[in-house]
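Chemist: have a look; sequence and predicted model below, questions after that.
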Amino acid sequence: MKRLWPLLAAYVLCSGHGFAEENADPHAVERERMVRQDIASDALGRAGIKDPAVLKAMSAVKRHEFVPAALRGQAYADRPLPIGHGQTISQPYIVAAMTEMLKPEKDDVALEIGTGSGYQAAVLSTLVKQVYSIEIMAELGEQAAARLKKLGYGNVETRVGDGYFGWKEHGPFDAIIVTAASTHIPPPLIEQLKPGGRMVIPVGPPFQVQQLMLLEKQADSAIKQRSLMPVQFVPLTRSK
Ligand code: SAH
């Protein structure tokens with residue numbers, strides 16, 4: 001009987017630990033459901049996201065921390081949500097799809113245009129070495145910076161400014177992700193892409209359907225681009 005005590009103690013400690021963890025993140029079950037059903041599975045006529053690293057990132061990042069408190073109950077529905085100032089946090093499936101298309105590698109340096117809530121930057125930051133992210137609206141940019149810091153995403157650096165011009169000091173980049181719709185691909189972003197680098201960007205008219213484009217800069221700097229899927233993003237605005 002004596003010998004059973006350590007086992008029993010271990011069991012109590014372990015299960016107690018699991019319980020405490022679930023308490024710490026009451027949304028864990030909903031998040032797993034979202035990843036399994038809305039992101040990984042082939043549904044609604046679209047291909048599920050297959051890259052295990054991307055699925056792991058989507059499971060790890062707590063989307064409910066990136067939406068306004070009043071909308072937390074909807075954080076794990078596969079929908080964009082308003083984040084104030086007429087802007088939105090993107091639909092989780094689209095975040096996962098864009099991240100997969102970027103083919104992130106662990107030593108990559110990535111640039112995001114359109115920090116918004118900071119959610120996409122957080123997802124990407126779990127897959128690469130460093131993320132730089134630019135937001136044009138000062139209040140959103142400052143809130144996202146504070147949120148990312150509080151949540152411990154130490155490899156994301158943000159700034160407020162017009163992302164059309166990229167962030168030359170930290171370039172060239174292995175990956176560039178633009179999360180606002182542009183009528184054309186900004187030439188400064190093409191310049192700041194490394195040979196071998198990838199860019200994902202919605203291109204098309206504002207407030208309508210745009211095409212998500214994948215642009216790859218070849219080793220000889222030639223540009224290859226193709227259209228991936230129709231999307232709807234808020235417009236890339238320009239500083240005056
Ligand atoms: N990636 C965000 C969602 C982006 S919504 C997230 O995960 O929450 C698009 C964002 O792009 C908005 O916050 C908008 O203010 C910003 N934006 C629009 N034009 C921009 C520009 N020229 N430079 C930087 N950010 C821009």
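Modeler: Arrived safely.

Chemist: what parts of this structure come near the ligand?
Modeler: 87-90, 113-114, 116-117, 119-120, 134-137, 140, 162-164, 179-180, 234, 236-238 (C-beta under 6 Å from any ligand atom). Every residue, glycine included, has its C-beta placed from N, CA and C.

Chemist: show me just the buried residues among those.
Modeler: For those, a burial check counting by 16 or more other C-beta atoms under 10 Å picks out 87-90, 113-114, 116-117, 119-120, 134-137, 140, 162-164, 179-180, 234, 236.

Chemist: which stretches of the chain form helices?
Modeler: Taking DSSP state H, the helices of the chain run over residues 4-24, 28-33, 52-60, 92-101, 119-125, 138-150, 187-191.

Chemist: any buried residues in the shortest one, and which?
Modeler: This points to helix 187-191. Across helix 187-191, burial judged by 16+ other C-beta under 10 Å covers L189, I190.

Chemist: so in terms of bridging, what pairs with R46?
Modeler: For R46, the beta-bridge partners under DSSP bridges are A43.

Chemist: how much space between it and the ligand?
Modeler: Separation of R46 from the ligand (C-beta to the nearest ligand atom, to the nearest Å): 20 Å.

Chemist: in contact with E216, which residues are there?
Modeler: Going by C-beta atoms under 8 Å, 6 or more residues apart in numbering, E216 touches G197, R198, M199, I223, K224, Q225.

Chemist: beta partners of it?
Modeler: With DSSP bridges as the rule, E216 is bridged to R198, K224.

Chemist: ok, now T158?
Modeler: Going by DSSP bridges, T158 forms beta bridges with S133.

Chemist: test my guess that it contacts S117.
Modeler: No: with contacts counted by C-beta atoms under 8 Å, T158 stays clear of S117, the gap being 11.5 Å.

Chemist: quick check on the contacts of E216: which are buried?
Modeler: Buried, going by 16+ other C-beta under 10 Å: G197, R198, M199, out of those.

Chemist: which stretches of this structure have low pLDDT?
Modeler: Applying pLDDT under 70 to the chain flags residues 1-23.

Chemist: kindly indicate which of the buried ones among the contacts of E216 lies nearest the ligand.
Modeler: For those, the closest approach to the ligand (C-beta to the nearest ligand atom) belongs to M199, at 14.7 Å.
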